[in-house]
Structures are given as C-alpha cells and as structure tokens.
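1. no FASTA, just this:
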C-alpha cells in the first residue's frame, strides 16, 4: 500500500471512530432526553450544571428549614390561643369572686378551676413537636416545666436559617412565654385559698398584663409567619429560575435530537464509504 493510501486510510479510520462516538452520543441523547449526561458531552455545560445543582440543593435545604419553622410557629400559635383563653377565664373568675370567706362555696369552686388551669398551662408549656420539647430553649430532650410550674429549660431561642444569613426564631422560650401567666395564676390560687375578696381583686391587673404579654407574643408569631411566607415565595422563584437554567443546559429538544441522530447516522455511513473506497484503491495498487 502506498504511503498516500495509508494516510488516507488512517484519516478515514479516525473519521469513522469520531462518527461512531457522535452517533453513540446522539443515540444516548435521543433515548434519555438529556443533552449532557457526562462531562465529556459538554465540559462547560457540565460545570454549570454542577453549580446549579448545588444551588438547588441549598435552596431545598432552606425550604425544609422553613417548613420546620412553620410547623413550630403554627403549634405555638395554637398554644398561645389556648393560653390566652385560660388567662382570660381566670381573670373573669377573679373579677367575679368577691367573698371574703375562704370557705365560701364559690371561692372553693373557683380555686378548683384555677388549679386545673395551672395544670393545663404547665402541660402546654411541656408541648412536644416530634421528639423535642418546644418551649425548652436548647434543652429540648427534657420537659421544661416541673409539676409545680418551675421552669428548668434555658433561655436560648431556637433559630433556623431560611435564607443565606437570614435567621428566624421558631418559638419563644418557656420562661418568656409562660412565666408571667403561671405566676399570675398561682397568685390568684393563693388568694382564693387564703386571701380576702380585696386581695383576690388585686390579682386582676397581673392577669390582665399576662394576657397582654401573650397577645404581643402571638403578634410576633404572626410576623414570623409572614416572614416565612416571603422567604418561601423567594425560594420558590429562585428554585424555578435555577431549574429553568438547568433544563436549558441539560435537557435536549426532541426534534433537534432526532435531527442530530439522523445526521450522525449519515456521517457514519459516509465514513464507511470512504474506508471502502480507500481499501479498494489499495487493492488496485497491489495488483
């Protein structure tokens, strides 16, 4: 075989190999619907996809954190509604109880009700979300309130990151939320058992103040829920934009995939024809 024919055959084999690789890539694209499945398909596109995927994973983590915070805030909102109702009922009892004698049947009935309320408030303070005591601060593995109403948690509010660098408190701590209400209720119980009508009336301002504090805390919960709504909308837009960028790089257009596949088939057939001609010429040279 002449050197010229050898060179032609080598080039034709290279072209054949390239055509086979192109056809294999076109077949893979048509079958999977993905334009980039390996780094070699598009090194620049593959690097962009890696960055986009990292961003999508981070966004998904923020959305999970936001969901967990939303659950805790919803539970606290329900607890606060119940707690405010109990304090309001206790205030009404204090206003309505004017008898000076501790043995007065109305006072005894009111005392029983208030003691029951105190137990209910302590139970609310030991509310759990999953395996965690919600109002215990960072000490979430043990009840924050003892049966007598003593707070044994800590004062560190739980926080989650819902945006890069944006932290939100997911609940109030038990001492902050329940302390004034428990103290006011216990003072009322003491006066119902041992005090006078006037001393019972004197507990009304502290009960009213506790109710106002609870209302303020519930307003804070509402603001945090609104902040989560804003963050969720932002994260959703961010995820949608990133997914669109991802698909623009990774997802193949079906019509274009078919055209590329057909072009690759044609190129492979041409490569085989070239090799056949080169081989035929080589045989003629040897005759």
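-> Received the coordinates, thanks. It should be emphasised that the depicted structure is a prediction, and the values quoted were computed from it without experimental measurement.
2. Taking the centroid of the protein, which residue is nearest it?
-> Among the residues of the chain, residue 64 comes closest to the average C-alpha position under CA atoms, centre = their mean, at 1.7 Å.
3. counting contacts, what elements does the helix or strand containing it pack onto?
-> Element membership of residue 64, judged by DSSP states H and E, is helix 43-96. On a contact count with 3 or more CB pairs under 8 Å, 6 or more residues apart in numbering; DSSP states H and E, helix 43-96 meets helix 105-125, strand 128-129, strand 159-163, helix 174-194, helix 197-201, helix 204-250. In short, each C-beta sits where N, CA and C put it, glycine included.
4. Enumerate the positions of the fourth one that are buried.
-> I take that to be helix 174-194. If you call a residue buried by 16 or more other CB atoms under 10 Å, then helix 174-194 has these buried ones: 174-182, 184-189, 191-192.
5. ditto for the first one
-> Within helix 105-125, the residues that count as buried by 16+ other CB under 10 Å are 107, 110, 111, 113, 114, 115, 117, 118, 121, 122, 124, 125.
6. just checking, the first one touches residue 100?
-> When you say that, I think you mean residue 107. No. Using CB atoms under 8 Å, residue 107 is not in contact with residue 100; the gap is 9.0 Å.
7. Pairing partners for residue 145 in the sheet, please.
-> Judged by DSSP bridges, the bridge partners of residue 145 are residue 151.
8. For it, give its distance to residue 221.
-> From residue 145 over to residue 221 the distance is 20 Å, taken as CB to CB, to the nearest Å.
9. Who has more neighbours out of those two?
-> Between residue 145 and residue 221, residue 145 has the larger neighbour count (other CB atoms under 10 Å), namely 24 against 21.
10. Spit out the contact partners of that one.
-> Residues in contact with residue 145, defined by CB atoms under 8 Å, 6 or more residues apart in numbering, are 122, 125, 126, 151, 152, 153, 174, 178.
11. same check, this time on residue 72
-> By CB under 8 Å, 6+ apart, the residues touching residue 72 are 129, 134, 158, 170, 171.
12. which non-adjacent residue is nearest it?
-> Closest residue to residue 72 apart from its sequence neighbours, by CB to CB, 6 or more residues apart in numbering: residue 170 at 4.3 Å.
13. ok, that neighbour touching residue 156?
-> No. Between residue 170 and residue 156 there is no contact under CB under 8 Å: 11.8 Å.
14. Over stretch 85-94, what's the mean pLDDT, rounded is fine.
-> Across stretch 85-94, the average pLDDT comes to 97.
15. oh sorry, the question was meant for stretch 229-247
-> Averaged across stretch 229-247, the pLDDT comes to 88.
16. which residues of the stretch 101-250 of the chain score low on pLDDT?
-> The stretch 101-250 of the chain contains residues with pLDDT under 70 at 250.
17. Now with 90, please.
-> Along the stretch 101-250 of the chain, the parts satisfying pLDDT under 90 run over 102, 130, 137-140, 155-166, 170-171, 241-250.
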